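# Quick one, fold the following:
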Amino acid sequence: MNSTLAAFVSGVIFAIGLAIGGMTKPAKVAGFLDFTGNWDPSLMFVMGGAVMTHAILYRLIRKRPTPLFTEAFAIPTRTDIDPRLLGGAALFGIGWGLSGFCPGPAITSLASGQTPVLVFVAAMLGGMYLYNVSVKRGA
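Down below sits the predicted model:
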């Protein structure tokens, strides 16, 4: 299996998991974020399953000398918390809270063709473009 096919299969599995877990439903996400109202804790199981899967497989995969489809592992080396990281995390959280979508589920939800999804993805792509423009200008 080549790397493009592996990435595609991984993406399909990820999208199916997001849909089954309810992450593509903004109302479910809003219910999870509503701690003072009608809180729906069910998305904790989705996150818990993801964290457990990562915790187990990360250790197994890192024992390999190299990844399956490239020459070396790409492990981040930075450990500091800077204003850009905090600002990006805050912006991500605000967007997720206001729209009920984070990027992965939004891309998966594009298949629905619903206007709110299309607007969110367009805004997300616009934000990515503006970020790239600002980085190139040194802002």
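
# gap between stretch 51-71 and the chain center?
In terms of C-alpha atoms, centre = their mean, to the nearest Å, the centre of stretch 51-71 is found 19 Å from the chain centre.

# For it, give the distance from the opening residue to the closing one.
Start-to-end span of stretch 51-71 (C-alpha to C-alpha, to the nearest Å) is 26 Å.

# where in the protein is pLDDT low?
Applying pLDDT under 70 to the chain picks out residues 1, 139.

# Where is the longest helix in it?
Counting by DSSP state H, the longest helix found in the chain is helix 115-137.

# which helices and strands sit right next to it?
If you count contacts as 3 or more C-beta pairs under 8 Å, 6 or more residues apart in numbering; DSSP states H and E, helix 115-137 packs onto helix 83-99, helix 103-109. The way it works is simple: take the backbone N, C-alpha and C, and place the C-beta from them, glycine included.

# try 6 Å
Under the contact definition 3 or more C-beta pairs under 6 Å, 6 or more residues apart in numbering; DSSP states H and E, helix 115-137 sits against helix 103-109.

# rewinding a little: for the longest helix of the chain, buried residues please.
117, 120-121, 124 (16 or more other C-beta atoms under 10 Å).

# which among those residues gets closest to Gly17?
Distances from Gly17 to the buried residues of helix 115-137, taken as C-beta to C-beta, are shortest for Val117 (18.0 Å).

# Excluding residues flanking it in the chain, which one is nearest that closest one?
Ser109 (4.5 Å; C-beta to C-beta, 6 or more residues apart in numbering).

# Is the one you found in contact with Thr24, as I believe?
Yes. In this structure, Ser109 is within contact of Thr24 by C-beta atoms under 6 Å, at 4.6 Å.

# From Gly100, how far out is the residue nearest to Val117?
As judged by C-beta to C-beta, to the nearest Å, Ser109 and Gly100 stand 10 Å apart.

# what's next to stretch 10-20, contact-wise?
Under the criterion C-beta atoms under 6 Å, 6 or more residues apart in numbering, residues 24, 104-105, 108 lie in contact with stretch 10-20.
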